[in-house]
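# Predicted model and sequence follow; I will ask about them next.
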Amino acid sequence: MSANDIGDDPTEIHWHKALDPGELPEGRVEPVTCDGTTVAITHYDGTYHALDNECPHQGGPLGEGSIENGLLRCPWHGWDFYPDSGETPGEFDDCVTTYPVEEREDGVYVGFPVESPRERTVSDVIVETLNNWGVRQVWGIVGHSNLRLAEALRTAAERGDLTYYGVRHEGAGAFAASAYGKLTGRPAACFSIAGPGATNMLTGLWDATVDRSPTIALTGQVESQVLGTGNFQEVDLEAAYGDVAEFEATILPDSQHAELATRAAKTAILDRGVSHLIFPDEIQTMDAQGVEPGTPEGRLTDRDITPPDDDIASAVELLEAAERPVIVVGHGARFEMDGIVALAERLDCPVLTTFKAKGQISDSHPLAGGVLGRSGTPIASHFMNESDLLAVFGASFSNHTGIAEYKDIIQVDFDQMALGKFHSVDVPVWGEIGVTVGEIRDRLPENDGDLAAESQREELADRWALWREEKATRREQPAERGVNYATIFDVMTRVVPDDAIIPVDVGNNTYAFGRYFEPERQTVLMSGYLGSIGFAFPAAMGAWAATQEADTPFTGRPVVSVSSDGGFGQYLSEFTTAVKYDMDLTHVLLNDDELGKISKEQRTGGWDVWQTDLVNPDFAAYADNCGGYGVSVDAGRDLDDALEEAIAYDGPALVEIPTDSDPV
C-alpha cells in the first residue's frame with residue numbers, strides 16, 4: 001500500500017506532529033507514536049517518509065532498523081523496504097503501509113486516516129461479562145501477548161467499570177487478588193502475558209485455591225496457529241494451571257466467548273476458587289459485533305442451604321447434654337459471626353478461633369478464648385483440654401490448629417469434602433453456616449435449666465488475667481536487639497485502629513502476632529494452608545483496593561500489614577506500586593536480618609543454623625526513596641508515636657523495627 005492509498009482526500013486525514021526540525025539525523029530511522037499509532041519515520045537523501053512500524057513477516061519493529069542504500073532494513077530478519085512506497089525489491093508483494101508526510105516550519109507531520117470507532121472484540125465481550133459478574137479489580141502487567149486484552153481492560157477502566165493496578169511482579173498481583181477475595185467473598189482478577197508472566201502468578205493462585213478465595217486468572221498466550229511448536233514464551237498453560245484452577249478454558253475462534261467468561265466467574269464464586277481463561281494473541285481482537293455479554297441473571301440460585309433435619313437434631317441433642325461445650329470458628333465462618341456469638345451467649349461457652357480466623361471475635365468479648373494451636377494462647381488450649389464437646393464452624397482441622405480429634409465433635413461446613421476431612425466426627429452437618437447456626441439456636445431450649453452447660457465466663461476472665469500478667473513479664477524481658485515481640489504487639493493492640501484490616505505474613509512475626517496481638521474489630525488476612533512467605537504486602541494492596549469501593553463493609557477502613565524482613569524482601573518492589581496508586585496503607589516490618597523461623601527450626605532439629613542470614617537495605621530509607629514514608633524504631637518507648645504517625649500519613653508508610661531472631 002502506498003502513501004496515495006491513504007492521502008488522496010486530505011479532508012479524511014488527521015495530521016500529527018511527529019518530529020521537531022532537525023530532530024532525526026540524515027540516514028536514520030526512528031519509531032514515533034502519534035495518537036496511538038507507531039510509525040517508522042525515515043530521513044534519507046533529505047526526504048522524510050513514514051511506514052507502518054510492524055514488519056509483515058514476524059512483526060519486527062522497523063523503526064529500530066537501519067537504512068542501507070536507500071532501503072529500510074528490518075532489524076529482525078533483514079528484509080528490505082522502499083521508504084516511499086513500502087514495497088520490497090524484486091518479485092515480492094510483502095509491502096507495508098505508508099503514510100503521507102509533510103515538512104513544515106515547526107517540524108515533520110504525519111497524516112493518518114480519520115479513525116472509525118474501535119470495533120467490538122472478543123476481549124470486550126469477556127471483560128464485560130466478568131464485570132457483570134462482579135469483577136471490579138484487576139491486577140497485572142501489560143505485555144506483548146496480552147496487549148489486545150489490555151485494551152479491553154483499559155476501555156472498561158475508562159468507563160469506570162473496573163480498576164486496574166499495574167504491579168511489578170505478577171505473583172504480587174495474584175496475592176492481591178487472592179486477598180481481595182478472602183476479604184470480600186467476591187472475585188478479583190489477575191492478568192499476565194504468556195509464559196513467564198503466567199507462571200509467575202501460580203504461587204498467589206495456589207494461595208487462593210487452598211484458602212477458598214474466588215479469583216480469576218487472565219493470561220495471554222502465543223498465537224493459536226503456533227501452539228505446540230515451541231514458540232517463544234510458549235508454555236502449556238492448561239497443563240501448568242491444571243491443578244490450581246477449578247475451571248479453565250482456552251479462548252478459540254468458535255468458542256462461546258460470553259459463556260466461557262460466565263462459567264469462569266460462576267465457578268470462582270460457587271466453588272470459591274480459581275478460574276483461568278487463556279487468550280491466544282490473535283483471538284483477543286476477533287470481531288464480536290453484536291455479541292451480548294453474559295450476566296448472572298438466572299444463573300445463580302439461593303445458596304442458603306438448610307441442612308438435613310436429622311443432623312440438626314443430633315447436633316442439638318449433643319449441645320443440650322454438654323457441660324463444657326466450646327465453639328471453634330475458622331475462616332469459613334467469617335461472614336456469620338453474629339449468629340455464632342449469639343449461640344455462644346446462649347450456651348455461655350468460650351469461642352476459640354483457628355489462627356486464620358483470628359479477630360472474628362474480639363478478644364475483649366467475655367466469651368472470647370483466643371487462638372488455638374501453634375500460634376495460639378494458653379487460654380485456648382486450656383478450654384480445649386477441659387471441654388466435653390466441640391462445635392466447629394467453618395474450620396478445616398489443619399494440623400496447625402490444635403483441635404483435639406478425640407473430643408465429641410459437631411462440624412458444620414458448606415463443603416461436604418471438608419466434613420470429617422482428616423478423621424471422623426460425631427455429627428457432620430452440611431449446610432451454609434449462617435442458616436445452620438440459626439436452626440440450632442431455634443431448637444435449643446429457651447430455659448437455661450434445660451441445658452447442662454455451665455457458665456464459663458468467670459473462668460475465661462481468670463484465664464485472661466493470668467495470660468495478660470504473663471505477657472507483661474515478657475514485655476519486660478530485654479531483647480537481643482531492638483524491641484521484643486511482646487512489646488511490639490502490645491503497642492499495635494493499643495494503636496492500630498479497631499476497624500483496621502491486618503494482612504499478616506509467614507514467619508516468627510506470624511506466631512508472635514497470633515499469641516500477643518489482641519484484636520477488637522480488626523479483620524485479619526493471611527496465607528493459611530499454603531503458608532506463603534511474602535503474602536502480607538501484596539495482600540495489603542488487595543485489601544486497600546477493597547476499601548476504595550463505595551457502599552461495602554470495607555469502605556474507608558485503614559490497612560496495617562505485618563511481616564518480617566524475609567517476607568517483605570520477596571515483594572519489596574511493590575512499595576513503588578503502592579506509591580504509584582497513592583495507597584494509604586501502613587506496613588510494620590519486623591527486621592531480624594535472617595529467616596528467623598527457619599533458624600529456630602534448625603536449632604530445634606539439632607542442625608547447625610545455615611544460610612538463613614540476610615543482607616538487608618535500610619528499609620525505612622528505601623520507603624522514603626520510593627516516595628512514601630519510612631521510619632525506623634529501635635526502642636519500645638518510641639514505638640507508639642512512630643506507629644501513630646505512620647498510620648496518620650496519607651499514603652504508603654513503613655515502620656521498621658529491629659527485633660529478636662528467636663522470640664519468646
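Happy to help now that I have it.

# where in the stretch 351-500 of the chain is pLDDT low?
Judged by pLDDT under 70, the stretch 351-500 of the chain has its weakly predicted residues at 399-400, 402.

# Which residue ranges of it form helices?
378-386, 433-443, 457-476, 485-495 (DSSP state H, counting those that start in this stretch).

# With distance to Glu91 and mean neighbour count as added columns, please give the ones you listed in JSON lines.
C-beta here means a position set from N, CA and C on the backbone, and glycine is covered the same way. Shown next, in JSON lines, are these (distance: least, C-beta to C-beta, whole Å; neighbours: other C-beta atoms under 10 Å):
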{"stretch": "helix 378-386", "distance to Glu91": "83", "mean neighbour count": "18"}
{"stretch": "helix 433-443", "distance to Glu91": "74", "mean neighbour count": "19"}
{"stretch": "helix 457-476", "distance to Glu91": "86", "mean neighbour count": "14"}
{"stretch": "helix 485-495", "distance to Glu91": "76", "mean neighbour count": "22"}
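
# quick one, which of the ones you listed is nearest to Glu520?
Closest of these to Glu520 is helix 485-495, at 8.5 Å (criterion: C-beta to C-beta).

# Quick one: name whatever helix or strand follows that closest one.
strand 501-504 (DSSP states H and E).

# Closest to the centroid, which residue in the protein?
Ala176 (1.8 Å; C-alpha atoms, centre = their mean).

# so the closest residue to that residue other than its chain neighbours, which of the three states?
Nearest non-adjacent residue to Ala176, counting by C-beta to C-beta, 6 or more residues apart in numbering: Gly542, 3.4 Å away. The three-state label given to Gly542 by DSSP: H, G, I helix; E, B strand; the rest coil is helix.

# isn't Gly542 right up against Ala174?
No. With contacts counted by C-beta atoms under 8 Å, Gly542 stays clear of Ala174, the gap being 9.7 Å.

# between those two, what contacts are shared?
With contacts defined as C-beta atoms under 8 Å, 6 or more residues apart in numbering, the residues shared by Gly542 and Ala174 are Trp139.

# one step back: tell me which helix or strand the residue nearest to the centre of the chain sits in.
helix 170-184.

# what helices or strands is that helix leaning on?
On a contact count with 3 or more C-beta pairs under 8 Å, 6 or more residues apart in numbering; DSSP states H and E, helix 170-184 meets strand 137-140, strand 188-192, helix 196-200, helix 202-210, strand 215-221, strand 523-526, helix 536-547.

# Any chance of a markdown table for the ones you listed, columns distance to Gly376, mean pLDDT and mean neighbour count?
Compiled in a markdown table, the helices and strands packed on helix 170-184 are given as follows (distance: least, C-beta to C-beta, whole Å; pLDDT from 0 to 100; neighbours: other C-beta atoms under 10 Å):
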| stretch | distance to Gly376 | mean pLDDT | mean neighbour count |
| --- | --- | --- | --- |
| strand 137-140 | 33 | 98 | 28 |
| strand 188-192 | 31 | 97 | 31 |
| helix 196-200 | 34 | 96 | 20 |
| helix 202-210 | 21 | 97 | 25 |
| strand 215-221 | 29 | 97 | 30 |
| strand 523-526 | 14 | 95 | 26 |
| helix 536-547 | 20 | 98 | 28 |
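
# Throw the ones you listed into TSV and include distance to Gly107, thanks.
Listed next are those as TSV, based on distance: least, C-beta to C-beta, whole Å:
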stretch	distance to Gly107
strand 137-140	37
strand 188-192	37
helix 196-200	38
helix 202-210	47
strand 215-221	36
strand 523-526	54
helix 536-547	42
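
# Quick check: closest non-adjacent residue to Gly528.
Per C-beta to C-beta, 6+ apart, closest to Gly528 is Lys356, 4.2 Å.

# Show me the shaky parts of the stretch 1-150 of the chain.
For the stretch 1-150 of the chain, the ranges with pLDDT under 70 are 1-11, 115-116.

# residue boundaries of the strands in it?
Counting by DSSP state E, counting those that start in this stretch, one finds strands in the stretch 1-150 of the chain at the ranges 13-19, 28-34, 37-44, 47-52, 66-68, 71-73, 80-81, 98-99, 101-104, 107-113, 137-140.

# shaky segments in the stretch 551-664 of the chain?
In the stretch 551-664 of the chain, residues with pLDDT under 70: 663-664.

# how does it look with 80?
The model of the stretch 551-664 of the chain has pLDDT under 80 over residues 661-664.

# Mind listing the residues bridging to Val248?
Val isn't right for residue 248; it's Glu. Glu248 forms beta bridges with His276, as assigned by DSSP bridges.

# so it touches Ala239, yeah?
No. Using C-beta under 8 Å, Glu248 makes no contact with Ala239, being 9.9 Å away.

# List the contacts of Met492.
Contacts of Met492 (C-beta under 8 Å, 6+ apart): 517, 560, 562, 588, 643.

# Of those residues, just say which sits nearest to Asp52.
Val560 (51.2 Å).

# That closest one belongs to a strand?
Yes. Counting by three-state DSSP, Val560 is part of a strand.

# For it, list each beta-bridge partner.
The partner residues for Val560, given DSSP bridges, come to Thr586.

# And for it, the neighbour number?
24 (other C-beta atoms under 10 Å).

# Tell me who's in contact with it.
492, 496-497, 500-502, 540, 585-588, 647.

# Let's see that with 10 Å instead.
492, 495-497, 500-503, 522, 540, 543, 585-588, 643, 646-647, 653, 655 (C-beta atoms under 10 Å, 6 or more residues apart in numbering).

# Same question for Pro538.
Pro538 touches 139, 167, 169, 171-179, 204, 207, 503, 561, 570-571, 574, 577-578, counting by C-beta under 10 Å, 6+ apart.

# and if we set it to 6 Å?
172, 175-176, 571, 574 (C-beta atoms under 6 Å, 6 or more residues apart in numbering).

# go on, Val435?
Here Val435 is in contact with 304, 306 (C-beta under 6 Å, 6+ apart).

# if we go to 7 Å?
304-306 (C-beta atoms under 7 Å, 6 or more residues apart in numbering).

# Out of the residues you listed, which sit inside strands?
Assigned to strands by DSSP state E, none of those qualify.

# quick one: least confident of those residues?
Minimum pLDDT across the contacts of Val435 is recorded for Ile305, with 81.

# Which residues does stretch 249-259 contact?
122, 125-126, 129, 224, 238, 260, 277-280, 283, 286, 288, 291-294.

# follow-up on the earlier one: JSON lines for the helices of the stretch 351-500 of the chain, including distance to Gly636?
Output for the helices of the stretch 351-500 of the chain, formatted as JSON lines (distance: least, C-beta to C-beta, whole Å):
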{"stretch": "helix 378-386", "distance to Gly636": "23"}
{"stretch": "helix 433-443", "distance to Gly636": "40"}
{"stretch": "helix 457-476", "distance to Gly636": "8"}
{"stretch": "helix 485-495", "distance to Gly636": "4"}
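
# returning to that earlier point: between the helices and strands packed on helix 170-184, which one is closest to Leu419.
Nearest to Leu419, of all the helices and strands packed on helix 170-184, is helix 202-210, at 17.4 Å by C-beta to C-beta.

# What is the burial count for the nearest residue to Val32 once chain neighbours are set aside?
Sequence neighbours aside, Ala18 is the residue nearest to Val32 in space, at 4.6 Å (criterion: C-beta to C-beta, 6+ apart). Ala18 has 21 neighbours, counted by other C-beta under 10 Å.

# what do you get for Ala321?
Count around Ala321 with other C-beta under 10 Å applied: 14.

# Is it correct that it is in contact with Ala452?
Yes. Taking C-beta atoms under 7 Å as the definition, Ala321 is a contact partner of Ala452 at 5.4 Å.

# Could you say which of the strands of the stretch 1-150 of the chain is packed most deeply?
Comparing the strands of the stretch 1-150 of the chain on average neighbours per residue, with mean count of other C-beta atoms under 10 Å, the densest one is strand 137-140 at a mean of 28.

# Sheet-wise, list the partners of that strand with their directions.
When DSSP bridges is applied, strand 137-140 pairs with strand 163-166 (parallel), strand 188-192 (parallel).
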